[in-house]
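**Q** make a model of this:
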Amino acid sequence: MSNSPSPEAFLSVLDAHKGILYKVARAYGKTEQDRQDLIQETTLQLWRSFSSYDNQYRYSTWIYRIVLNVAISSYRKEKHLESKTEPFSKHILEYVDSKAEQDIESAEKEELVAQLYAFLDELRELDRALMLLYLDQKSHKEMAAIMGFSESHVGTKINRIKTALRKKFNPQ
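**A** Numbers count the residues shown, from 1 in each chain. Prediction:
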């Protein structure tokens, strides 16, 4: 990348990988405003870093790394400033109320997605980032590169999270 990248090249890369921004924003932003703020902040950070992009990595790896760092930093800052959290059930009720007008099939799919994001919200921020990559079907090698972990550490953490998920939704 040259020292003065073109805005068109940046917008092209951003457009091709915007799903990453939305996925991470949904996992880390509690409200629509939080999600929009996070998307705006990550876009700004991506632009600032665009001139230093290392083409040994795929754009998606580079984008995930920046977006997750911004989201985790934002999450930590928010958690530090929060004096008390709302009960988990209140978030579910707000979600269900906001989707009440959708048809049944769509609502069922949304509920499953909401349950998944609710589970992700319970995870520590690094585990949440790892699961987003896992759900995006990234290889252990890609996840290790993005997160800065070894591949074996990635596999171990994913297995532990999946075990916790099974226990949560299938307690026996």
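**Q** ok, now how distant is the most centrally placed residue in the chain from residue 51?
**A** The C-alpha lying nearest the average C-alpha coordinate of the chain belongs to residue 24 (CA atoms, centre = their mean; 2.3 Å). In this structure, residue 24 and residue 51 are 22 Å apart, going by CB to CB, to the nearest Å. (C-beta placed from N, C-alpha, C; glycine too.)
**Q** likewise residue 149?
**A** 27 Å.
**Q** from the contact counts, what lies against the longest helix along the chain?
**A** Looking across the chain with DSSP state H, the single longest helix is helix 59-81. Applying 3 or more CB pairs under 8 Å, 6 or more residues apart in numbering; DSSP states H and E, we find helix 59-81 packed against helix 7-16, helix 18-28, helix 32-50, helix 125-135, helix 140-147.
**Q** if you set the cut-off to 6 Å instead, what comes out?
**A** Counting contacts by 3 or more CB pairs under 6 Å, 6 or more residues apart in numbering; DSSP states H and E, helix 59-81 packs against helix 18-28, helix 32-50, helix 125-135, helix 140-147.
**Q** residue 165: which of those helices is closest?
**A** Proximity to residue 165 (CB to CB) singles out helix 125-135 among the helices and strands packed on helix 59-81, at 8.9 Å.
**Q** hey, C-alpha coordinates of the closest one in PDB?
**A** Output of helix 125-135 as PDB, limited to C-alpha atoms (Å, rounded to 0.1, in the frame of the first residue of the first chain):
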ATOM      1  CA  GLU A 125     -14.600 -10.200  25.400                       C
ATOM      2  CA  LEU A 126     -11.800 -12.300  23.900                       C
ATOM      3  CA  ASP A 127     -13.900 -15.400  24.000                       C
ATOM      4  CA  ARG A 128     -16.700 -13.500  22.300                       C
ATOM      5  CA  ALA A 129     -14.300 -12.400  19.500                       C
ATOM      6  CA  LEU A 130     -13.100 -15.900  19.100                       C
ATOM      7  CA  MET A 131     -16.600 -17.200  18.700                       C
ATOM      8  CA  LEU A 132     -17.500 -14.600  16.100                       C
ATOM      9  CA  LEU A 133     -14.600 -15.800  14.100                       C
ATOM     10  CA  TYR A 134     -15.600 -19.400  14.600                       C
ATOM     11  CA  LEU A 135     -19.200 -18.600  13.500                       C
END
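**Q** against residue 75, how distant is residue 56?
**A** Distance from residue 56 to residue 75, by CB to CB: 29 Å.
**Q** try residue 134
**A** 18 Å.
**Q** ok, those two, which is more surrounded?
**A** Comparing residue 134 with residue 75 by other CB atoms under 10 Å, the one with more neighbours is residue 75, at 21 against 17.
**Q** all good on my end, thank you.
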